[in-house]
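**Q** structure here, sequence nowhere to be found:
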RNA sequence: GGGACGCUAGCUCAGUGGUAGAGCAUUCGGCUUUUAACCGACUGGUCCUGGGUUCGAAUCCCAGGCGUCCCA
């Protein structure tokens, strides 16, 4: 029978229920227990034993095993599953005033997928399955569409993402991932608040995008007749709050980058950015360790985790190594020795690196060498320190190493998971760097941003020394829930519609 | 942007040029201890889309769509 025919059959059942005086789309139900409560409470109940207690419970029918005068349903709620034991005599006795043919109607009018409310008592069956021994049942919501195969479930990844609700119904581990994601963000907020940080929401719609190098989404405000960008980072508004006198601020929220998708990229993703006055990037390393280990403990109860079968030890302190040291380790090249760009490119090329034509400074060659040879090898948590100034326009110059800034990125399983600086507070230096970026934007670099004059004005009023930190929440969730793709860590990842509608390009 | 692979019933999958299949689900009948219940019978298709080759295409060719993975 085709799904259209199944749907038609179930719509007929909806009509039948209405004719019998039952509402197939009920308003409310009060449960005394969830499935997991009962499994905990009656763990020691012996097979065949019955408990004379009034219990109400609700959930979705996930399986039906129906006999002539007896039926077993598997009911699923937010906490798990529980068997419902329905026996004709008991149902008829309890429900005769409501519906003399209650048991026949149960067999005829309920389907896998329906929501049911049950009133009954507790019984562990002869075969050892803890059950609610039903006296009464109520159809709370009639389902019209058939669920995926009860044994194989839903495995088609495209359908799982497009119809996440079906994925969640039939794949308990997917529900667990998003439950853990919620624990992670809650743990991070709780930890930061305990440390005296306050969360302040900053605008998603901005007339100037900045705080990162990325192509922004553009939208349009009709009544103001102006283009607006969706934020690519929360950095610049949060720093304005530090200028304003808050000493510890953060925002955990969505940012948007108009880029392609991959197992590590979704165009909208979640970051937490944290700014602390009077702190530097060393303080931020300690804070990063604290935030991530707190989240790991909260969710997994351990710092010894496994990601895609690789053991990861999150026990702090994590390795700290400079970008120069790591590149030298992998390539043998000492970038502090190069005087000219030509020297650096020649040496890197003979070390086997490729695609260096696009590099116009020694620092960019170094960064390229890092990305090509080091990045994916940083499996255990590693802070990579001291980046070239030309790829770090918002970071303060290193206090002792010319040409470098006080910046780190945290790598775990080869992925950038956090990024932090001693924030640049010199407004003149900051203006030069933003203007250099703006020149690249004018020259056609789509990821370069314009000069945010108001941000510069804020810096001119004076920003205290400040440590800033950004953590990629989606990648952290991937790590702590063992997801191979960012799409498994985001409830509704961006997909193209199956039938593409042509939208006028802005 | 490039490459590889995939798309067949509601779900999971067979089917490599000759009548479009299986299991589960659905529908009907039977059944008072099942838990992938069981037994019997039936039903269910835009083979991703369009074009081409061929007597004949799910299958071969071309173009496109969507997805997954890898690379940039």
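**A** Yep, it's here. Small disclaimer: the values here were computed from a predicted structure and weren't measured.

**Q** distance from the chain centre to stretch A:20-34, please.
**A** Centroid separation for stretch A:20-34 versus its chain: 33 Å, with CA atoms, centre = their mean, to the nearest Å.

**Q** residue A:305 - that's part of a strand, no?
**A** Yes. Assessed by DSSP: H, G, I helix; E, B strand; the rest coil, residue A:305 belongs to a strand.

**Q** the residue lying closest to it once chain neighbours are set aside in helix, strand or coil?
**A** Leaving aside its chain neighbours, residue A:305 sits nearest to residue A:312 (5.0 Å; criterion: CB to CB, 6 or more residues apart in numbering). The way it works is simple: take the backbone N, C-alpha and C, and place the C-beta from them, glycine included. Following three-state DSSP, we place residue A:312 in the strand state.

**Q** tell me the pLDDT of residue A:111.
**A** Here the pLDDT value assigned to residue A:111 is 97.

**Q** give me the element it is part of.
**A** Using DSSP states H and E, residue A:111 sits in no helix or strand.

**Q** which residues touch the host helix or strand of residue A:329?
**A** Using DSSP H and E, residue A:329 sits within helix A:323-331. Applying CB atoms under 8 Å, 6 or more residues apart in numbering, the contact partners of helix A:323-331 are A:321, A:333-336, A:348, A:351-353, A:366-367, A:369-370, A:373-374, A:377-378, A:384-388.

**Q** just confirm yes or no for it near RNA strand B.
**A** No. Judged by CB under 7 Å from any atom of the strand, helix A:323-331 makes no contact with RNA strand B; its nearest approach is 14.8 Å.

**Q** next SSE downstream of that helix?
**A** helix A:341-350.

**Q** show me what the closest residue to residue A:193 other than its chain neighbours is bridged to.
**A** Leaving aside its sequence neighbours, residue A:193 sits nearest to residue A:199 (CB to CB, 6+ apart; 7.5 Å). Applying DSSP bridges to residue A:199 gives these bridge partners: residue A:250.

**Q** name the SS class of the residue in the stretch 51-200 of chain A positioned nearest to RNA strand B, please.
**A** Nearest residue of the stretch 51-200 of chain A to RNA strand B, counting by CB to the nearest atom of the strand: residue A:68, 2.2 Å away. Following three-state DSSP, the label given to residue A:68 is coil.

**Q** how near is it to residue A:104?
**A** Residue A:68 is 11 Å from residue A:104, where distance means CB to CB, to the nearest Å.

**Q** between those two, which is the more surrounded one?
**A** A direct count of neighbours by other CB atoms under 10 Å for residue A:68 and residue A:104 places residue A:104 higher, at 13 against 8.

**Q** and that one, what element?
**A** helix A:102-109.

**Q** helices or strands next to that helix in the packing?
**A** helix A:3-19, helix A:88-95, strand A:130-141 (3 or more CB pairs under 8 Å, 6 or more residues apart in numbering; DSSP states H and E).

**Q** tell me which residues in the second one are buried?
**A** Residues of helix A:88-95 classed as buried under the neighbour-count rule (16 or more other CB atoms under 10 Å) are A:88, A:90, A:91, A:92, A:94, A:95.

**Q** which ones are touching the second one?
**A** It stands for residue A:90. A:133, A:134, A:135.

**Q** what does the stretch 151-300 of chain A have sitting close to RNA strand B?
**A** Counting by CB under 7 Å from any atom of the strand, the residues of the stretch 151-300 of chain A lying close to RNA strand B are A:151-159, A:161, A:260-263.

**Q** now, of those, which are buried?
**A** A:154, A:161.

**Q** so for stretch A:152-162, mean pLDDT?
**A** Stretch A:152-162 comes out at a mean pLDDT of 94.

**Q** cool, stretch A:259-276 as well?
**A** The model assigns stretch A:259-276 a mean pLDDT of 96.

**Q** also stretch A:356-369?
**A** Mean predicted confidence for stretch A:356-369 is 92.

**Q** list the buried ones in it?
**A** Residues A:356, A:359, A:362, A:363, A:364, A:365, A:366, A:367, A:368, A:369 are the ones in stretch A:356-369 that count as buried (16+ other CB under 10 Å).

**Q** got it, and stretch A:48-64?
**A** Under the neighbour-count rule (16+ other CB under 10 Å), stretch A:48-64 has A:55, A:56, A:57, A:58, A:59, A:60, A:61, A:62, A:64 buried.

**Q** with stretch A:419-426 instead?
**A** Quick answer for stretch A:419-426 (16+ other CB under 10 Å): A:419, A:420, A:421, A:422, A:423, A:424, A:425.

**Q** name the residues of the stretch 351-500 of chain A found near RNA strand B, please.
**A** A:355, A:484, A:485, A:487, A:493, A:495, A:496, A:497, A:498, A:499, A:500.

**Q** without its sequence neighbours, what residue ends up closest to the first one?
**A** For residue A:355, ignoring the flanking residues on the chain, the nearest one in space by CB to CB, 6+ apart is residue A:368 at 7.1 Å.

**Q** which residues touch the one you found?
**A** Per CB under 8 Å, 6+ apart, neighbours of residue A:368: A:348, A:353, A:355, A:356, A:359.

**Q** I appreciate the help and will end here.
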